[in-house]
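[1] Could you look at this predicted model? Sequence included:
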Amino acid sequence: MDCWTGLTRSMPKQKKRITDEAELKTGGFIDVPDVEQDNEQDAQGIALKKSPDSEENISGVPDDSTRTESSDREENGTPKYHQANPDLKADQAKQKERDFRQKLNRDAREAVSESIHRKVKLIVHRPDYDADSQTEYARLSAELMPVVREIARKTLPLLEHETSSEFARHQYYGSKFQADSAVYRDFRNFAKKIPPTDSPSLAVGLRVDESGSMSAYGRLEAAKRAVIAVYEFCQLCHIPVLIYGDTADVSRLEQMSVYAYADSDKTDPGDRYRLTGIRARSNNRDGMALRIIADRLAGFPQQTKLLISISDGQPKAMDDYTGACAIRDMQQTMAEYERRGVTFLAAAIGQDKDVIHQIYGSEKFLDITNLADLPAKLVRIIARYV
């Protein structure tokens with residue numbers, strides 16, 4: 001008999017066949033309460049049950065018709081969230097990284113376009129990092145961070161704005177009422193403190209010589225520890241920092257290689273791990289490296305722009321970039337950018353300290369005889385410029 005025939009309003013309850021395809025296979029029914037019944041059944045909800053004759057229609061289907069969860073729910077009933085393209089965010093991050101690297105290359109070539117390095121084939125790299133980099137960073141930073149935090153703790157108060165004692169008069173609102181202004185009847189009866197205009201302002205650039213000789217006598221390890229200390233100090237004190245390494249003559253198609261380990265234009269927590277990628281590579285074209293970093297610093301809005309070069313020897317690169325030619329180029333570069341507000345310092349950690357002293361002069365020369373002192377010494381020097 002058709003279950004849809006003989007329907008009348010006087011029937012207390014009726015069976016309505018479920019239209020869902022899955023339930024049609026099982027012959028399931030739902031109870032539809034009469035409209036005149038008490039609202040208590042409404043509170044209990046609509047219950048699912050099978051008709052007595054539905055068993056014969058089931059063919060290997062488990063008795064699971066009372067289950068109400070659907071595929072868009074977790075086991076605990078919370079909604080599932082599906083991401084349309086899981087790789088989209090990673091692709092966007094990679095594209096931003098490529099765009100930033102291209103910008104660094106354009107800026108570097110522009111910086112040297114009117115110098116003796118204009119024909120040198122240059123590539124600016126943005127080194128990557130991995131799990132081994134993180135492990136090495138943890139090892140190098142373990143004993144450095146207590147010293148860095150202590151220096152930062154003493155430096156941070158110097159970065160706070162001093163309270164101004166001067167007041168701007170004739171204001172509509174302020175912290176001080178000026179009774180003598182009431183006579184003008186213009187409602188400008190208050191004075192407020194003038195904010196300070198000479199707050200400490202500092203940006204730091206750190207250049208690391210990655211010539212082959214840096215592999216000797218623990219210089220590379222000292223340089224890594226130093227850059228990690230400087231980086232972490234600048235992060236704690238919110239000081240913009242650039243950390244670049246460089247080498248020359250890797251190949252005929254790459255006569256100058258620059259490695260952008262950390263750059264305040266694109267801050268990345270992973271930069272601290274990139275720092276472990278500093279290597280001893282080939283020759284060094286110091287004047288070109290100084291020009292590229294100094295040009296970046298010169299565009300910063302900070303009042304003090306400090307560029308520190310960590311090097312173990314005198315400049316030497318092909319062709320004939322050495323001796324008097326290289327020294328003259330470096331001194332001209334420093335003079336040019338000093339006029340643009342950049343201050344230079346040289347941390348000499350190798351056997352050519354006399355030559356480095358000659359290039360930079362006594363005021364810019366730091367003799368790092370004990371390499372173990374390099375990290376803390378550089379951080380304290382930077383703190384004095386705040």
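    That came through, no problem.
[2] Residue ranges in the stretch 151-300 of the chain under the pLDDT threshold?
    160-200 (pLDDT under 70).
[3] What ranges does it have for its helices?
    219-236, 271-274, 286-298 (DSSP state H, counting those that start in this stretch).
[4] quick one: the strands in the stretch 151-300 of the chain?
    With strands called from DSSP state E, counting those that start in this stretch, the stretch 151-300 of the chain shows them at 167-171, 176-177, 190-193, 202-209, 241-251, 254-263.
[5] so which of the ones you listed comes closest to Gln102?
    Closest approach to Gln102 among those is made by strand 254-263 (11.8 Å; C-beta to C-beta). To be clear about C-beta, it is placed using only N, CA and C from the backbone, and glycine gets the same treatment.
[6] Could you look over the helices of the stretch 151-300 of the chain and pick the most buried one?
    helix 286-298 (a mean of 25; mean count of other C-beta atoms under 10 Å).
[7] out of the strands of the stretch 151-300 of the chain, nearest to Thr135?
    strand 254-263 (17.4 Å).
[8] and the closest one with strand 202-209, angle?
    Angle between the axes of strand 254-263 and strand 202-209 is 140 degrees (criterion: axes from the mean of the first three to the mean of the last three C-alpha atoms, to 10 degrees).
[9] Could you list every helix and strand in contact with strand 254-263?
    Contact partners of strand 254-263 among helices and strands, from 3 or more C-beta pairs under 8 Å, 6 or more residues apart in numbering; DSSP states H and E: helix 88-111, strand 122-125, strand 241-251, helix 271-274, helix 286-298.
[10] Contacts for stretch 245-256 next, please.
    117, 120-123, 207-211, 257-259, 261, 278-279, 281-285, 288-289, 317-318, 321 (C-beta atoms under 8 Å, 6 or more residues apart in numbering).
[11] Name the residues of that stretch that come out as buried.
    By neighbour count on 16 or more other C-beta atoms under 10 Å, the buried set for stretch 245-256 is Gly245, Asp246, Thr247, Ala248, Asp249, Glu254, Gln255, Met256.
[12] between those residues, which is nearest Asp265?
    Gly245 (17.3 Å).
[13] Out of the helices of the stretch 151-300 of the chain, flag the one nearest Pro375.
    It is, among these and with distance given as C-beta to C-beta, helix 219-236, at 3.7 Å.
[14] quick one, that closest one and strand 241-251 angle?
    Going by the same axes, to 10 degrees, helix 219-236 makes 150 degrees with strand 241-251.
[15] Which elements pack onto helix 219-236?
    With 3+ C-beta pairs under 8 Å, 6+ apart as the test, helix 219-236 has helix 131-141, helix 145-159, strand 202-209, strand 241-251, helix 271-274, strand 304-311, helix 374-384 packed against it.
[16] at 7 Å instead, please
    In terms of contacts (3 or more C-beta pairs under 7 Å, 6 or more residues apart in numbering; DSSP states H and E), helix 219-236 is packed against helix 131-141, helix 145-159, strand 202-209, strand 241-251, helix 374-384.
[17] ranking the strands of the stretch 151-300 of the chain by burial, who's on top?
    strand 202-209 (a mean of 26).
[18] ok, residues contacting it?
    Here strand 202-209 makes contact (C-beta atoms under 7 Å, 6 or more residues apart in numbering) with 223, 227, 230, 234, 239-246, 278, 284, 289-290, 293, 296-297, 300, 302, 304-312, 382, 385-386.
[19] cutoff 8 Å now
    Residues contacting strand 202-209 (C-beta under 8 Å, 6+ apart): 223, 227, 230, 234, 239-246, 264, 278, 284, 286, 289-290, 293-294, 296-297, 300, 302-313, 382, 385-386.
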